[in-house]
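Student: got a sequence here, can you model it:
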Amino acid sequence: MSDNEVLRHLRLQLESIHRQLEVTPQLPERHDISQLHQFWNEVGQFLEMVLNPAKIETLINKVRSGDSQFRLEEEVLQESLSSFYQRLDSLYHDFSDLVVISKLAIQYFRLGLRLFVSHSSQALFPQGSHQNLISAVVAYPKVASVDRVLGLVKSLDILGGNAFQGILMGAAAISTRIRSGAEAGIWVPVLDELYQQARGMWNIDRAKERDAVAASSTLYRKSNLDYSAMTDAEIEEHEFLALFPNFEDVVEEQAGPQGTKPVSSLMATQDQVSILCDLHVSLMSSVQETRVADVTFQDLRKQTLQTLLDLPADSLTATLDHDSLPFRLSLLHGKIASLETSGDSNLRPNFYLDSNVPEVRKVVPILTRLLEQLEALQIEWPDQEVLRHLGDLVKKVLEIDGHSPIAKILSAIEQLLLRTEDWEMYANRDNSLRLHREALTTLIVDWRRLELSCWNALLEAETKECRRTGAKWWFQLYDSSIRGVLIAAAEEDDGQGEKVTVYLRDLVSILTDFMTSSTLGEFVYRLDLLDSFSAYSFAMASTKQGKESDALKRVGILLSSTRQYFQQFSGKSAARLASERAVLEKEIKNFIKLASWKDINVLALKASAQRSHHQLYKIVRKFRETLRTPVSSQLVPEFVSNPQQISVDCPPTVDPNVQAIPPPSDLTSPIDHVAKLHRTFVKFESLIHNKIRPTISKLSSDRAEELATEIISTCHRLASISVPSSLRAKDLGEKRAKFLKSVQSQKRKAWADWLKEMKHAGISHRLKPELLSQNIDPLWIKEQPILHKGDDQVLLDKLEGYFFKLQVCLATLRASSTAHHDDISSRDLGKGVAVVESIFNTGVALRASLAGSSAINKDLIKTLCRMKEFNLSAVLFYEEDLPVYLSQSRAFFFQASEMLAELTSAIRTFHLAKTASLSTTVDHLDKMKAESDNFRNEIMCIERSVDSSKFLALQKEEVDTLQRCTAFAKSLGEDLRLSVERYPQLAHLFVPSYDWVSVAAADLPPLPSPSNSTSGDVLQSFEALVNTLLITMQSASSYCDQQIEATREPEDDERYLSRLIDSVRRSNQVLNISTVHSQLEDMLRIIRDSSVAMEYLPRILPFLEAYLRLSQDQLIMQTHWVKSLFKLDYVLCSVVQTVATQGFCKIPDENEDGGNDYHGD
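Tutor: Residues are numbered from 1 along each chain as shown. Just a heads-up that it's a prediction; the model follows:
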């Protein structure tokens, strides 16, 4: 027979009953016959009325059929049985022999009924999900809890009214798992299902709010919460009390019945929405930050467990207490730690709203000693009501929740201190409470000074609150950016026209309105939301196919472009907010200095604090108004005003003394130039070095830079002209008029000269209609490809800065050109606008080709570097299962490190002090964690190399590393198993850790077997790649011949700018980088044998290296050109805008500020 604590307890109880039965009389005497009749009458009536067989049969049938009323009827019957049981126990002591039998029968019936209902309800309504979710929430280690929660993510709706909490739990688990190394593509579809559920609940809440507003606006009903009907004074009072709560009635509230916390009728509270938004932004952020997900998941485990335990459940698993022991210990440790610290050490708790247990603890010993003296005095003076009232008051203060804010406790002890004066006026030296009053006074003064130090955090709290309330925009963005475009893609897939493009045009307007309607406080947060949804769109696109995938990619680009567009205003808006905040913070600091309370009079301190609160509220309200200020006033174009001379930023010259590349050896091939590969490469490299690279290096953007500089210099010269002092006399008006007219003529001439120069440079004064329609199409602009980070990030930042500034300035210029200044004709202004539009369109096209070529060039460089790392004699090739193996291995070691860290922390926290021998084990665990971290980092390096190069091959050293990783995974489980045997008292930690490692290691796929068979004709692919490279260089050579021929034409400088731009564009095209990339991938894809690799890869490497050096030079040159064009266009746009709005005549006074100076390039 099995044995456990429950059975042993029951046996002991049974033995005790047997011993009592042995001494119990067999024939009890009956003296009160009438009471005996009454007993049996009650029993009979109870059997007839309550335990009637027909009624019981009806209840059983309802239970079996699953009738909705059976639970209520069973509960009523159980209550009746319990009441009758208590009645028998209290009224019929003389009939104990009969009563005990009746009571036993009642207990048997209650137990049987409960078991029957429980069994039937489990069959009708399985409790497995409820029990499994509780087990998942409390599971140890945390990685096991994450695994089990993810396995039950579709069962989280069992939380009922707290279903949104289940969504947060699932999202936090997914976020934790992805941040712990798991492949995001696996979990993004699951995450999107949770997002759709959250969106549905949010929409239900909004529908309820609309219905409530509609109901409150009828003639027959008025809302009790009609804030629109509140006066300004009432609103201020409401806001004031929210900031500085009034705790004057704290003692009376504590004495009265404790009210329950109001339950929100919303399916998603504001705090929950904020958590979801923070999780989303953290998960989609490019910064690998795991703390938000970890902390949120841990907090949600506690909340979800409380919710699950509050739900009605017939039973829980028998092993729950044992399985949850580590989790319960961690909760206990957290509670103990909260007694010592006030939460996050970097954040000062809000004096009026947050708990601060360490500070609150200081008052407990003072009150305890005071209560002891009061109780002693009550014994001596039993008739003194004052002492009794004081004692009751101290007890009420001690009963206040220790997690209450200090302000609440402070109000209570101030009232207590005041009431002790009722005793002190009659007390003498022997029974005085003076020492306790002094201790309370000292603590009150300390807390008032602590209150002063907390005022510095008031503005930061307002900033965080503004961010929290801005989380509601998450749902609108999800609806418009994800669900809406997927619906449009599905409709387009059904043949309903170009629904996606139409929808995206509307989305551009929606996103623009979303940002322009922002407040200063929410502006940066909304930018973060755009960035996160851009990343989420690309992640979702990788899980979709066809039109849905294409549409989501377009949305990702559109969101990224919109964020970058509005990012240019973040500096101005942040500066505005910071300046306003700095002024208010200075006011608070000065106020703190003035309010540094040195008085020890409690009433005076309290009165001073109340006056301070009203002053602080005014400051906080000013800051709230600043946070709520529309950001639209900051979204203004930044034109160049009174530009200064700037230096020309010339592209770097190409170094002719590049390191020579060893030529490859010849190869057996029927094609002559492939067979004589050594000679072919020498000609190939010579052509690049002697002809193509020098020609490309001459495509400098100097002319564009010089043109921008010349325009800036002319504008600066003309803008600095002022009326000479010799012409300022009143009698020299005619001469002054002639001078002003000459200045005007100079400006008109400068304008005409500029237009001629632009025409001479090849920039047309008339823009083709189709190009203009592109420029004014916001969707076309926003869908321009993303220019990813590169080696010269400073240059790219300048390029992108000009690009997005121009988008704002051009829109303003177009509006100004329709209602321009009278000094310039519409025709002349139209020419200037056309020049600006033309250069912008050219720059955008050049930027698009740069973005595409740069991305391919980056991939080629990674592939080349990977190939150069190889010792081809020891390279092993693999199939498509290698990336999957690397991804899963990386995730395992991420999670293993987390598990070991959690295990070590638990041992150190709870057991190391009691068991010194564990120090060796802890050191061993630390060593294993360090090894796990090293293996994780090594796998990540290998994975990055494989993924970036798309080359499924490993070096022998990398294979050895992966084999050692596999061996470590096995040894980790064995080490934990031995620790279970060595330390049985820590089985609650080691056993679940061992179980998780065993399962996780078993789920790891084995290291794939190398592939030794080449899957295609490598020679043919090699020949095709070499031919492509040679043809590319021939095309580039022909292009160079044309360039050289053009430069020989005497003094032909016509269209100098447009010809250079065309040359840059053609230099990008002739290099044909996309074809080279695709053919290299084709060749690498079929090589699966080291001997084949040794034969072909060393021979193609020199060609690729020489080609990529040339490609890199060309892209650097093109990057400088795009930057210079945008810079030139930005200067021209500013000049044309100034002429369109101000004309030619205005001469600024000497003391007039020219505005925003143009700083550098």
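
Student: show me what counts as buried in the helix or strand hosting residue 803.
Tutor: Using DSSP states H and E, residue 803 falls within helix 793-818. Across helix 793-818, burial judged by 16 or more other CB atoms under 10 Å covers 795-796, 798-810, 812-814, 816-817. Every residue, glycine included, has its C-beta placed from N, CA and C.

Student: return the distance of the next helix or strand after it from the chain's centre.
Tutor: Toward the C-terminus, helix 793-818 is succeeded by helix 826-869 as the next helix or strand (DSSP H and E). Here helix 826-869 is found 32 Å from its chain centre; the criterion is CA atoms, centre = their mean, to the nearest Å.

Student: residues contacting stretch 198-212, please?
Tutor: 163-164, 167, 223, 265-268, 273, 276, 475, 478-479, 483 (CB atoms under 8 Å, 6 or more residues apart in numbering).

Student: if you set the cut-off to 10 Å instead, what comes out?
Tutor: Contacts to stretch 198-212, defined as CB atoms under 10 Å, 6 or more residues apart in numbering, come from residues 163-164, 167-168, 170-171, 221, 223, 225, 264-269, 272-273, 276, 280, 472, 474-476, 478-479, 482-483.

Student: dump that stretch to CSV, keeping only the CA atoms.
Tutor: C-alpha atoms of stretch 198-212 as CSV (Å, rounded to 0.1, in the frame of the first residue of the first chain):
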residue,chain,number,x,y,z
ALA,A,198,-6.2,42.2,-28.0
ARG,A,199,-7.6,44.3,-30.8
GLY,A,200,-11.0,42.6,-30.5
MET,A,201,-11.2,43.3,-26.7
TRP,A,202,-10.1,46.9,-27.3
ASN,A,203,-12.9,47.4,-29.9
ILE,A,204,-15.4,45.9,-27.5
ASP,A,205,-14.4,48.4,-24.8
ARG,A,206,-14.7,51.3,-27.2
ALA,A,207,-18.1,50.1,-28.3
LYS,A,208,-19.2,50.0,-24.6
GLU,A,209,-17.9,53.5,-24.1
ARG,A,210,-19.8,54.8,-27.2
ASP,A,211,-23.0,53.1,-25.9
ALA,A,212,-22.5,54.7,-22.5
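
Student: wait, doesn't residue 294 sit right on residue 145?
Tutor: No. Assessed by CB atoms under 10 Å, residue 294 is found out of contact with residue 145, at 11.6 Å.

Student: identify the contacts common to those two.
Tutor: residue 176.

Student: who has more neighbours out of these two?
Tutor: residue 145 (23 against 17; other CB atoms under 10 Å).

Student: residue 300 versus that one, what's the distance?
Tutor: Distance, residue 145 to residue 300, using CB to CB, to the nearest Å: 11 Å.

Student: touching both of the two, which residues are there?
Tutor: 137, 173.

Student: so what's residue 806 up against?
Tutor: Residue 806 neighbours (CB under 10 Å, 6+ apart): 637, 781, 813, 836, 839-840, 843-844, 1126-1127, 1129-1130, 1132-1133.

Student: save those residues as CSV, and put in pLDDT too.
Tutor: Shown next, in CSV, are the contacts of residue 806 (pLDDT from 0 to 100):
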residue, pLDDT
637, 89
781, 95
813, 92
836, 93
839, 94
840, 95
843, 95
844, 96
1126, 94
1127, 93
1129, 93
1130, 93
1132, 92
1133, 92
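
Student: mind checking which of these are buried?
Tutor: So, by 16+ other CB under 10 Å, the buried ones in the contacts of residue 806 are 637, 781, 813, 836, 839-840, 843-844, 1126-1127, 1129-1130, 1132-1133.

Student: and for residue 947, nearest residue in space, chain neighbours not counted?
Tutor: residue 883 (6.6 Å; CB to CB, 6 or more residues apart in numbering).

Student: can you check residue 785 too?
Tutor: Counting by CB to CB, 6+ apart, the residue nearest residue 785 is residue 851, at 4.0 Å.

Student: isn't the one you found right up against residue 789?
Tutor: No. The pair residue 851 / residue 789 is not scored as a contact, 11.7 Å apart, by CB under 10 Å.

Student: what about those two, which has more around it?
Tutor: Ranked by neighbour count (other CB under 10 Å), residue 851 and residue 789 place residue 851 first, with 15 against 10.

Student: lowest confidence element among the helices and strands of the protein?
Tutor: helix 250-255 (a mean of 63; mean pLDDT, DSSP states H and E).

Student: would you mind giving the domain segments of the chain?
Tutor: The record's domain parsing of the chain by automatic domain parsing lists 38-124, 128-213+267-310+320-340, 341-431, 461-634, 879-1003.

Student: who wins for proximity to residue 233 among these?
Tutor: With CB to CB, the closest approach to residue 233 among those belongs to domain 461-634: 12.9 Å.

Student: any low-confidence regions in the stretch 501-650 of the chain?
Tutor: Applying pLDDT under 70 to the stretch 501-650 of the chain flags the ranges 595-600, 641-650.

Student: please enumerate the strands of the protein.
Tutor: 875-877, 953-955 (DSSP state E).

Student: which elements pack onto the last one?
Tutor: This points to strand 953-955. helix 826-869, strand 875-877, helix 881-910, helix 918-949, helix 956-982, helix 1090-1142 (3 or more CB pairs under 10 Å, 6 or more residues apart in numbering; DSSP states H and E).

Student: right, I'll call it a day here.
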